[in-house]
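In: sequence-free structure coming up:
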């Protein structure tokens, strides 16, 4: 169900979606390289099944690049979970 929309991904990554909470968290990620786990949940759900419908794999790439605590296995598993692409697909 996802779109391959570079404009949406860029706006999300740069904190320019127009949604203050999402934008603040993504700007924090750029500045500090870290965000609270609930903030990760917020921005991941927004990207994949909120308003943007961008593939979770695109979000993984952004987090892998920007998070100072990035872990490939955890990052991929959490994105699959939060995007509801592998588990709890009924949500």
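Out: Here it is on my side, so go on. In this text, all values refer to a predicted model and were calculated from it rather than measured experimentally.

In: Distance from stretch 6-26 to the middle of the chain?
Out: 10 Å (Cα atoms, centre = their mean, to the nearest Å).

In: Any stretches of this protein with poor pLDDT?
Out: For the chain, the stretches with pLDDT under 70 are 86-91.

In: List the residues that contact residue 14.
Out: 26, 30 (Cβ atoms under 8 Å, 6 or more residues apart in numbering). (Each C-beta comes from the backbone N, C-alpha and C, glycine too.)

In: Use 40 as the first number for this chain going forward.
Out: In the new numbering, first residue 40, that becomes residue 53.

In: Can you give me the distance of it to residue 61?
Out: Going from residue 53 to residue 61 by Cβ to Cβ, to the nearest Å gives 11 Å.

In: How about residue 114?
Out: From residue 114 to residue 61 the distance is 19 Å (Cβ to Cβ).
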